[in-house]
Structure formats: structure tokens, C-alpha cells
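Undergrad: kindly return the folded structure for what I paste below:
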Amino acid sequence: MFLQLPFHGIDPVFLRLGPVELRWYGLMYMLGFVVAYFVMRRMVRVHRLGMSRDEIYDILFYMILGVLIGGRAGYILLYDLTTYFENPAAIIALWRGGMSFHGGLAGTTIAAWVLARRRRWRFLDIADLAAVAAPIGLGLGRIGNFINGELYGRPSSLPWAMVFPGGGDVGRHPSQLYEALLEGLVLSLFLAWLFGRRLAPGTTLWGFLGGYGLVRFMVEFVREPDAHIGLDLGPLTRGQLLSLPMFLLGTFLLVRAFLAARSDGAAPRGGGRT
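TA: Residues are numbered from 1 along each chain as shown. This next block holds a predicted model:
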């Protein structure tokens, strides 16, 4: 018999101003971008990367565009194309949820490439800086999912299993909190340490790809698959199929970077310019 904790009961809307509703989910995204700025600023200052505040603002602005446009487009294309094809007006309803990490990653990658071309910076330097700042925002986004009562886990008999409004009357893994801890705090600490090693450009990015891919692949085993998709390949979900290549590629490139550093000595990271 399942043990059950009651749903937290937090209203997804934290402030109502007439017809305007301000939601925790959107607030978490905003906080994520604010934290990302301060993380990048600290990394630039501590590691003397030679970037001004205006240049950090530019990187953050491009990251925001990449996350929002790529994340929304990725969710629509990868997870729910039919629904948005039938109701195009819902595409702009970001406050209701519906963002894809993998789409956001693609969007941010394109945005970083465009910025690097415009500023004549090395793409991998910008990507490293964005990667070290990203996990806290990911963790906050998962807390937003938890408050919304969405993306919950599979049935569980663990003492902390929770009954979610859309998940029936059984206790379920609060998988959003697992991801908030692992994608957010743990991955953030790992990448901060990795960035501080000042290895070859791209190393922090490889760590981000490998680390996130591993965490997402593992947590998906206890996360409820999307009802309209189910399992894509045997026991694997679509999220796992998208994350496994990230883990394999990121881990391979990270190991190669460490081996190169051991054999050749780690060259200091540049200031973000060619």
C-alpha cells in the first residue's frame, strides 16, 4: 500500500492584479536569469576573463532569447505538435508551462554562436560561461514545475511520495524535486569546480552536456511519461532518448579534455576573444 503525502497546495499564481496573473513558474525563470548574471559576473571577476558588465549583459540577453524561443519551439516540435497546430494561439502562453530543455539547449547554442560571430569571440568560451550559469536556472524551473503540480513522478511507496492533483489518488515520486537538486545544485557545484580548473575551452560545456544527460536519463526512470506519448523505445522515454546522446558525447569529450590536460598541461582559459 502506498504511503501518501498531501499535495503542497501552493497556488501557482502568487499575485493577481485584476485580469493579470503573475505565476511562480514565470518568476522562477526570471530568478534563474538574474542568478545566471551574477554567476557569470563572479566567474569573470574571479578568473579574470576580461569581460565588461555590458558584455555579460549581452551574453545573458542572447541566453534569454535562446532559452525562451528554443525551449518553446522544442516543446512544440518534440512533445505536442498536434495540440499547438490545432490551437496556434496557445504557442505564446508560456505562463502555462510547456518548455523543452533540449529545445532551449539548441536555442542557446545558436544564440551563443551568433553572439560569438558578432563579437569575434571564441564560441566555446561563451558556451563555457553560459554552461556554468545554467544549472541554477534549471533547478528553479523544476521548482516551478513542482508548484504547478506538473511533470510528477511514477507511483511510489517511499515515505516522501506525494499525491498530485492530476496523478490520481496514489503517492508518486516528487521527481521535480529530484531534478531540482541534481540538475540545479549538484550540477552547479560540479561545473563551478570544473570551470575553475581552467582547462581547454569547451571543457565546462562538455561537463554540462554529460552531467545533465546523466541526471535526466536516470530521473526519467521515476518520472511519469507524458500521457500523450508514453514510452518511445522499450522502457525508455522520449526525454531519455534525447538525453542519452548528450551524456555519451559530453562524457567522451570531457574525458578527452582531462587526458589532454594530463599529457600537455592545462593552458589557461582566454578572456573570451580571439
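
Undergrad: who are the neighbours in contact with S188?
TA: Counting by C-beta atoms under 8 Å, 6 or more residues apart in numbering, S188 touches V132, P135, I136, G139. No exception for glycine: its C-beta is placed from N, CA and C like everyone else's.

Undergrad: and E21, that's in a strand?
TA: Yes. Counting by DSSP: H, G, I helix; E, B strand; the rest coil, E21 is part of a strand.

Undergrad: wait, it touches D11, no?
TA: No. With contacts counted by C-beta atoms under 8 Å, E21 stays clear of D11, the gap being 9.9 Å.

Undergrad: any idea how far A130 is from G230?
TA: Look at G230 and A130: by C-beta to C-beta, to the nearest Å, they are 33 Å apart.

Undergrad: who's more crowded, those two?
TA: A130 (25 against 9; other C-beta atoms under 10 Å).

Undergrad: let me know the secondary structure of the more buried one.
TA: Quick answer, by three-state DSSP: A130 is helix.

Undergrad: what ranges in the protein fall below the confidence cut-off?
TA: Scanning the chain for pLDDT under 70 picks out 1-4, 84-86, 89-97, 265-274.

Undergrad: how about a cut-off of 50?
TA: The chain contains residues with pLDDT under 50 at 1-2, 266-267, 270-274.

Undergrad: where's the residue nearest the centre of it relative to L199, distance?
TA: The residue lying closest to the centre of the chain (C-alpha atoms, centre = their mean) is L138, at 3.8 Å. For L138, the distance to L199 (C-beta to C-beta) stands at 23 Å.

Undergrad: what do you get for L60?
TA: Distance from L60 to L199, by C-beta to C-beta: 24 Å.

Undergrad: so which of these two has more stuff around it?
TA: Just comparing L60 and L199: by other C-beta under 10 Å the higher neighbour count belongs to L199, 22 against 19.

Undergrad: leaving out sequence neighbours, find the closest residue to G184.
TA: In space, and not counting its chain neighbours, G184 is closest to G139: 1.7 Å by C-beta to C-beta, 6 or more residues apart in numbering.

Undergrad: give me the number of residues near that neighbour?
TA: 25.

Undergrad: ok so, going back, looking at E21 and D11 now, which is surrounded by more residues?
TA: The neighbour count for E21 versus D11, taken as other C-beta under 10 Å, is higher for E21 (14 against 11).

Undergrad: what about the residue nearest to that one when sequence neighbours are not counted, how many residues nearby?
TA: Sequence neighbours aside, V13 is the residue nearest to E21 in space, at 4.6 Å (criterion: C-beta to C-beta, 6+ apart). By other C-beta under 10 Å, 14 other residues sit near V13.

Undergrad: from W24, how far out is V13?
TA: Taken as C-beta to C-beta, the span from V13 to W24 is 8 Å.

Undergrad: which stretches of the stretch 1-150 of the chain form strands?
TA: 13-17, 20-23 (DSSP state E, counting those that start in this stretch).

Undergrad: distance to V219 for the ones you listed - can I get that in TSV?
TA: Listed next are those as TSV, based on distance: least, C-beta to C-beta, whole Å:
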stretch	distance to V219
strand 13-17	26
strand 20-23	24
